[in-house]
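In: Could you look at this predicted model? Sequence included:
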Amino acid sequence: FCVAVISFFVKKTIYLIDKSLRNFYWCFSLLSWYMPFLSARFSSEIWAGLFFLLAMSFLLDENKQTPWPKIGVLLGISFLFRFQMGILIFCLIVWLIMIRKVRFRELLNCLVPLFAIIQIGMLIDLWFYQSYTLTFLNYVIAFISDTFLHPISLYGDSPWYTIIEYILYAPLLPFGLLLLLTLLMAFIKRRNKLIIWLVYVFIIFHMFIGHKELRFLFPIVYLLPFLVVLLWSPVISSFLRIYQTRSLLNITANAIVVILFITNLTALILMMFMPADDGEKNVTNYISKRYEGAVHLVCYKSDDPFNVLYPLKEKFYLNKKVSAHKVESLEDASSLIKNDTNTYLIFAHRENNSDIKMLSSKGFELLEVFHSIPKLLVRLLSFFGYKIDSYLLYEIKIRNDHVKSIGVKEEYIKWKIAPPSSENK
């Protein structure tokens, strides 16, 4: 579906691209490494972005007969998938009125289907909630309350420049620089163009809300290849001419092309092996297949990987012999570890690795047994500026010398069982 939608958008907008760059536009739209990576995600942001892209395909089509009802339906579906799309839809309507100056009848032909689809969404909410509920209005109220009525967002606060960091580092550094330069050039040269208008307002809006996540920007990702090729057409055409000459500029052009090509190809290959959810499912898979007896999983400053989306519980790798304990300090972690026949594991974020290793000085033996994401993958992506999270899994037990120092008899150490209590002696 994603390939079909992207291809449809390219076909409808390719007349806006210089003829010499149309093959490049196709490749850049479909083979930019983050396109297949994001398109494989089944998320509301991706679906909302795809239906909005379909609406833009019909709006930007060179055909003079604009199908306004069809555009309205697609915008309505996009809004139902993700209420933040209301920002783009509102900006689109303002642009149609102020810049394109569409007639009232055309605007009405777009708005009526749009609101009809929203009404259908409300009926679906009635079916599920058993009462007439304005979910998008509740969402807006919750947003206003969290943003303006609370000094700190309940979901976490981030500075405004976090969005710029996302744009710079998330697509890998070479591409991030290209995108930032594109946005700067767009503001200087063509700020009244529709796509630029939409992308800028969407980004600025998310800069000034407290809670920020990379996924919030996903709906506009599919518009970026068009924006890049359109704005850089003169530069790319010059590069193609320089590419055929023998000069210092030719060497520079070659170097830039090679860097971008290698970065894109490397990222495409690496993302084929990138596990979902920072590799948490790799951890649950490993634990379920590796350990048969009772397992105590100590989650140090981390959520239980078997129960990430509480109260939903993972079923596929669920092992009833695994009991999870969430702790916030090394003292709490060490108090859970006993010298018995059970297996004790510590699950921790990679950034807390140094904390976990401090347990070695507290009389524990640590064995690093699993990485949620392979080390080589982490190193290669980090080299390109991609910020990646991952988890480590340790086997942990009390060292024999530590057990002796606290007075436990040697025969109990040998058999790795807890000594009987004084009551049972």
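Out: Thanks, I have it.
In: The stretch 51-200 of the chain: helices as residue ranges?
Out: 68-81, 85-95, 104-129, 135-144, 162-169, 173-189, 194-207 (DSSP state H, counting those that start in this stretch).
In: Between those helices, which one is closest to Arg350.
Out: Comparison of the helices of the stretch 51-200 of the chain against Arg350 by Cβ to Cβ identifies helix 162-169 as nearest, at 16.9 Å. Yep, even glycine has a C-beta here, placed from its N, CA and C like the rest.
In: Hmm, Glu213 and Ala170 touching each other?
Out: No: judged on Cβ atoms under 8 Å, Ala170 makes no contact with Glu213 at a distance of 11.0 Å.
In: quick one, which of those two is more surrounded?
Out: Per other Cβ atoms under 10 Å, whichever of Ala170 and Glu213 has more neighbours is Ala170, with 18 against 14.
In: Let me see the backbone angles for that one.
Out: According to degrees, to the nearest 10, the main-chain angles of Ala170 amount to phi -60, psi -40.
In: Would you enumerate the residues in contact with it?
Out: Contacts for Ala170 (Cβ atoms under 8 Å, 6 or more residues apart in numbering) come out as 34, 176, 214, 386-387.
In: right, and out of the residues you listed, which lies closest to Phe273?
Out: Tyr386 (13.6 Å).
In: Now do the SS call for Gly293.
Out: Assigned with DSSP: H, G, I helix; E, B strand; the rest coil, Gly293 falls in the coil class.
In: where does the stretch 151-300 of the chain have low pLDDT?
Out: Applying pLDDT under 70 to the stretch 151-300 of the chain flags the ranges 151-155, 190-192, 236-254, 256-257, 277.
In: where along it do the strands fall?
Out: Ranges of strands in the stretch 151-300 of the chain, per DSSP state E, counting those that start in this stretch, are 295-300.
In: Tell me which stretches of the stretch 251-400 of the chain form helices.
Out: Under DSSP H, counting those that start in this stretch, the stretch 251-400 of the chain gives helices at 280-290, 330-336, 353-357, 375-383, 400-405.
In: Pull the number of nearby residues for the nearest residue to Ala186 once chain neighbours are set aside.
Out: Once flanking residues are discounted, Ala186 sits nearest to Ile196: 4.4 Å by Cβ to Cβ, 6 or more residues apart in numbering. Using other Cβ under 10 Å, Ile196 is surrounded by 21 other residues.
In: pretty sure Ile196 is in contact with Leu227, am I right?
Out: Yes: using Cβ under 8 Å, Ile196 is in contact with Leu227, at 6.9 Å.
In: burial of Glu331, as a residue count?
Out: Neighbour number of Glu331 under other Cβ under 10 Å is 9.
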